[in-house]
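[1] Provided below are the primary sequence and the corresponding predicted coordinates.
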Amino acid sequence: MLNDFTCRTQILFQKYKHSAFAIHTPLLLCSRKSNTLTLQKHTQLLEILEVPQLMDTCVRNSYYEEALELAAYVRRLEKKYSNISVIRVCSHIIEEFLFETKYT
């Protein structure tokens, strides 16, 4: 009787493990896909993330034309890729920087 109970318990446990695996597999695949894409686009992401610092450097060194070109570049990126949060955040930082520069 105890052996039968143990066997049933093991079967139920295996079914639970299988269903838990089946539930988590799509989540893991989605996460893996996202991480792979991020790794593939690492260079481009790094360039975008460096734009606010580059713009700050341009303004500090009186390269105003280059700073305005960077701002225009970020605006074009935002129009084209407004669904990407990194670009939205970068654009917001640039706009704040332009506002602060204008009124200081």
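    Perfect, thanks for sending it. Numbers count the residues shown, from 1 in each chain.

[2] Show the model's pLDDT score for the residue sitting nearest the centre point of the chain.
    In the chain, the residue lying closest to the centroid (CA atoms, centre = their mean) is Val86, at 6.1 Å. Note on Val86: pLDDT of 90.

[3] Please report the distance of it from Asn61.
    Using CB to CB, to the nearest Å, Val86 is found at 26 Å from Asn61. Any C-beta I mention is one placed from the backbone N, CA and C, and that applies to glycine too.

[4] what sits against Leu70?
    Listed by CB atoms under 8 Å, 6 or more residues apart in numbering, the contact set of Leu70 reads 51, 54-55, 58, 94.

[5] Neighbour-wise, give me the winner out of these.
    With neighbours defined as other CB atoms under 10 Å, the most crowded of those is Met55; it has 25 neighbours.

[6] Can you verify my assumption that that one contacts Phe97?
    Yes: under the criterion of CB atoms under 8 Å, Met55 makes contact with Phe97 at 6.1 Å.

[7] domains for this protein, by residue range?
    1-40, 42-102 (automatic domain parsing).

[8] Single out the most deeply packed of the ones you listed.
    Among the domains of the chain, domain 42-102 has the highest mean neighbour count (mean count of other CB atoms under 10 Å), at a mean of 14.
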